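1. With the input below, show me the fold.
(3 chains)
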Amino acid sequence: MFWNLPYIAVVLLSVIGLATILLKRNLIKIFLGVSILTSAVNLFIIALGYREGGIAPIYTYAVSENMVMATPQALTLTSIVIGVATIALMLSFAVIIYKTYGTVNVDEIKELKE
Amino acid sequence: MVSATSLTSGFGIWDPILWVLAIIIGLVIAWILWSSGFSTYKKGTEQARPYLSGNAEPPKGEVHIRAGNLYWGFTEGLKGYYQRIVPLHTGIMTDYLLWMFWVAGILLIIVMVV
Amino acid sequence: MIPGYITTNAPALLIAVPLLGAFLSPLIGKISRDARALWVLAVMTLTALIGYFVAFLVYTEGTLLYVFGATNATLAVPPDSGGIPIRIIFTLDAMSALMVTIAVTVGFAVILYSLTSDARRSGLEAYYTIFLLMIGAILGMVSTGDLFNFFVFLEISSLASAGLVAYKVEKGRAVEAGLKYLLVSTIGGIFFLFAIGILYGQYNALNMAMLADMIQWTPLDKLALVLVVAALAAKCGAVPMHFWTPDAYSMAPSAVTAMLVVASQASLYGLFRICFTLYGITLNYVTIGWVIIILGILSMIIGVTMAIPQKDIKRLMAYHAVSQTGYMLLGVGVGLAVLGDQALLNSYGMTAMEGGIFHIFNHAMYKGLLFLTAGAIIYQVGTSDLNRMGGLGHRMKWTMIFFIIGALAIAGIPPFNGFASKFLIYESVFAFSPLLSIIAMVVSILTLASFVKVFHSVFMGPPLPGNEQVREAPRTMLIGMTILAAIVIISGIFPEFFVQNLITPAAHALTDQAGYISAVLGGA
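-> Below is the predicted model of the structure:
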């Protein structure tokens, strides 16, 4: 099932991302997990967009029936940008937390509870 | 009695104007009772002081019952419940995510099976 | 009176004005602080006017379409596209219009309030930018008709909210709260995007009306629904995914907290929109309805019982926000559970939904009011610890009156608006299942008990030593609270007016899936 390879990769990446988020205790590693999970979704959407024999909609003289709607690509680009913004904001929070708490271990970042 | 302002639920009717009228009438009665009392007490004498079974009045700051002491009986009575619920609020952020995954998983089972 | 190009482009302006205003505010801020304050207020006023105008159009003329980039703003399906709405389409029906009304009303009151309450902080150029960005994102979430567009606005609102929650660093604690909120929102967003991918892969469409027209109930659709429900329920703070709520609400500046309530409700709107409009009766409405009801009941009970022993005023109110969200989930969940049965829907389902939706409106008003009074108290006393407060009623009379109004409204005491919506929920849910109705009433009583505690420990008693310098809150803060308090009272005394003109159309818009589809795709 060679054509299912991207989807298998999506599942693997999702599991790796989830496991990283839940099992690691270091904030930075958790963010890496979030990033891997985002990549899994991006790969999923971009894999959906593949059409056999399709032509990228950038050639002016191509046969218009065979052109592929670039929606999944546009979605993925947007999602990548959002992912970058999210990870950047998370990392900047981690910097402040490390400065004030002196730790990046999630088990010790629990001033707010109950 | 249905008036233009009343809210109908299909089972009953609720008219806030009547309620407001009732409150106003109650307040008027209370005011009449209050104003028929004596206002001729002497300020600065024993008459104006609180009577605490003959004990001296404590300083003002100590009279106030602070928030932490309110509803002590309620939480004590429901101790078994609170001892289970409060520790769930661990404050660790990966636990928050774990709860989310649990809910998604249970929902998936419910939706797929039923 | 109003030029035609504004009328046709109003839905786009609704998003464009706050976004443009947001990114211009740091530039205006270079002139002076007052100029920036005026600018932010002007942008918000304009946004509110456009919001009311759009809502008015929707309520008088029916569902409003706005197609971005099309030659004609209402041309949803271009003739050469093969029947697919390819562009981003804003679809505002009565439910969206109600949410827009809520968002701009609370937004205006909150901006007015925050011009004073946050004036002493540093980094204000970013603060107002993010604030307006958040309001713009909320407006986008409630007015879009495109799933991916909803995701984008959801992420913008998450990022902006997280930045605002972490805004007063408070020895790192606020940043911790912001990080928790951001992490939950991000994972929720990833869930949502996964669901979008699944739906797109099956139906090659992102437009909600297009999807609603084609959707079935395949296992993949089930998976997508589960992901969406989990993500949006976590974002609106339903138990057992509510843990971020008290953290984020208590650490954010009070004006932001009031707006966070609206942001949570925009997620709630998304949940209802996807359950009702996207899936409609194709989903197993009894099961999903009960799932939402159970989430609501859990939120009500655990929210209120966790609120009672709290010692921080905003943390306590945050748990009440969780608890009140439960009422909305309960009301609309009952409506969903009988969606396919027209007789039951007419008998009590619609009333339950009206109650739930009216509660969204009421909750935004009185909860916003309560958070603003809490902010005024913290502004004057300098602490949010209830144990260190007392006797403030002598000095802060107006704040106390506003607090009483908000507290009675949230506890469902007539004649305030909280009672009107709870009345609808109690009576209709009783017909569905008496036990649920009784739980709702008990939760209301516990809410009152908990607010009596706050009222006593904050306002009653002799003036405490250490609080001598406490004064009444500044006037602009009081004006912000007055707006919300006036709406609480008016919608409590004339509930029928609000229900008939705002709420019933919204409830019908949610249940009328065919109407939504034909509004976008044409008379299908």
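
2. So for B:Ala4, what's the pLDDT?
-> Among the per-residue scores, B:Ala4 shows a pLDDT of 57.

3. Quick check on the residue located most distally from the centre of chain C: phi, psi?
-> Among the residues of chain C, the one whose C-alpha is farthest from the average of all C-alpha positions is C:Pro465, by Cα atoms, centre = their mean at 39.1 Å. Here is the backbone geometry of C:Pro465 (degrees, to the nearest 10): phi -60, psi 140.

4. B:Gly61 is in contact with that one, correct?
-> Yes: checked against Cβ atoms under 8 Å, the pair C:Pro465 and B:Gly61 is within contact range at 4.9 Å. Using the backbone N, CA and C atoms, a C-beta is placed for each residue, glycine as well.

5. before we move on, back to that, distance of the residue farthest from the centre of chain C from chain B?
-> Using Cβ to the nearest Cβ, to the nearest Å, one gets 5 Å for the distance from C:Pro465 to chain B.

6. Per-residue pLDDT of that residue, please?
-> What the model reports as pLDDT for C:Pro465 is 75.

7. Now do the same contact list for it.
-> In this structure, C:Pro465 makes contact with B:Lys60, B:Gly61, judged by Cβ atoms under 8 Å, 6 or more residues apart in numbering or on different chains.

8. Can you name the residue of chain A nearest to chain C?
-> As assessed by Cβ to the nearest Cβ, chain C sits closest to A:Thr100 within chain A, at 3.0 Å.

9. confidence score at that residue?
-> We note a pLDDT of 94 for A:Thr100 in this prediction.

10. Tally up the residues packed near the closest residue to it other than its chain neighbours, please.
-> The shortest distance from A:Thr100 to any non-neighbouring residue, by Cβ to Cβ, 6 or more residues apart in numbering or on different chains, is to C:Gly172 (3.0 Å). Neighbours of C:Gly172 under the rule other Cβ atoms under 10 Å in any protein chain shown: 20.

11. Likewise for B:Leu21?
-> 11.

12. Need the three-state assignment for it.
-> Using DSSP: H, G, I helix; E, B strand; the rest coil, the secondary structure recorded for B:Leu21 is helix.

13. any chance you could map the helices in chain B?
-> Counting by DSSP state H, chain B forms helices over residues B:16-35, B:60-63, B:72-77, B:79-85, B:93-113, given from the N-terminal end onward.

14. which helices and strands does the longest one pack with?
-> Packed against helix B:93-113, as judged by 3 or more Cβ pairs under 8 Å, 6 or more residues apart in numbering or on different chains; DSSP states H and E, are the following elements: helix A:5-23, helix C:173-203, helix C:219-235, helix C:285-307.

15. Helix A:5-23 and that one, what's the angle between them?
-> Interaxial angle of helix B:93-113 relative to helix A:5-23 (axes from the mean of the first three to the mean of the last three Cα atoms, to 10 degrees): 130 degrees.

16. which non-adjacent residue is nearest C:Gly69?
-> Once its chain neighbours are removed from consideration, C:Gly69 has its nearest residue in C:Arg87; the separation is 5.5 Å (Cβ to Cβ, 6+ apart).

17. residue contacts, that neighbour?
-> The neighbourhood of C:Arg87, defined by Cβ under 8 Å, 6+ apart, consists of C:Val67, C:Phe68, C:Gly69, C:Ala70, C:Ala76, C:Pro78.

18. and if we set it to 10 Å?
-> Residues counted as contacts of C:Arg87 (Cβ atoms under 10 Å, 6 or more residues apart in numbering or on different chains) are C:Tyr66, C:Val67, C:Phe68, C:Gly69, C:Ala70, C:Leu75, C:Ala76, C:Val77, C:Pro78, C:Ser81, C:Asp146, C:Asn207.

19. and of the helices and strands packed on helix B:93-113, who's closest to chain B?
-> Nearest to chain B among those is helix C:219-235; the distance by Cβ to the nearest Cβ comes to 3.8 Å.

20. By mean pLDDT, point me to the weakest helix or strand of chain B.
-> Ranked by mean pLDDT, DSSP states H and E, the weakest helix or strand in chain B is helix B:60-63, scoring a mean of 72.

21. can you pull the buried residues of that helix?
-> For helix B:60-63, the buried set under the neighbour-count rule, 16 or more other Cβ atoms under 10 Å in any protein chain shown, is empty.

22. Identify the residues contacting that helix?
-> The contact list for helix B:60-63 (Cβ under 10 Å, 6+ apart) reads B:Pro50, B:Leu52, B:Glu57, C:Gly390, C:Gly391, C:Gly461, C:Pro462, C:Pro463, C:Leu464, C:Pro465, C:Gly466, C:Asn467.

23. Check these for burial and list the buried ones.
-> When the contacts of helix B:60-63 are checked for burial by 16+ other Cβ under 10 Å, the buried set is C:Gly390, C:Gly391, C:Gly461, C:Pro463, C:Leu464, C:Asn467.

24. need the helices for chain A, in chain order.
-> Taking DSSP H as the criterion, chain A contains helices spanning A:5-23, A:27-48, A:71-101.

25. just to revisit the earlier point, could I get the helices and strands packed on helix B:93-113 as JSON lines with distance to C:Phe498?
-> Below are the helices and strands packed on helix B:93-113 laid out as JSON lines (distance: least, Cβ to Cβ, whole Å):
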{"stretch": "helix A:5-23", "distance to C:Phe498": "44"}
{"stretch": "helix C:173-203", "distance to C:Phe498": "31"}
{"stretch": "helix C:219-235", "distance to C:Phe498": "26"}
{"stretch": "helix C:285-307", "distance to C:Phe498": "22"}
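
26. what about the ones you listed, which gets the closest to C:Val454?
-> With Cβ to Cβ, the closest approach to C:Val454 among the helices and strands packed on helix B:93-113 belongs to helix C:285-307: 9.5 Å.

27. And that closest one, what's buried?
-> So helix C:285-307, judged by 16+ other Cβ under 10 Å, has buried residues C:285, C:287-307.

28. what about dumping the CA coordinates of stretch C:358-369 to PDB?
-> Provided in PDB are the C-alpha atoms of stretch C:358-369 (Å, rounded to 0.1, in the frame of the first residue of the first chain):
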ATOM      1  CA  PHE C 358     -30.600  33.700  26.000                       C
ATOM      2  CA  HIS C 359     -28.200  32.600  28.800                       C
ATOM      3  CA  ILE C 360     -25.300  33.200  26.500                       C
ATOM      4  CA  PHE C 361     -26.400  36.800  26.000                       C
ATOM      5  CA  ASN C 362     -27.100  37.200  29.700                       C
ATOM      6  CA  HIS C 363     -24.000  35.500  30.900                       C
ATOM      7  CA  ALA C 364     -21.800  37.800  28.700                       C
ATOM      8  CA  MET C 365     -23.400  40.800  30.300                       C
ATOM      9  CA  TYR C 366     -23.500  39.900  34.000                       C
ATOM     10  CA  LYS C 367     -20.300  38.000  34.000                       C
ATOM     11  CA  GLY C 368     -18.600  40.800  32.300                       C
ATOM     12  CA  LEU C 369     -20.100  43.200  34.900                       C
END
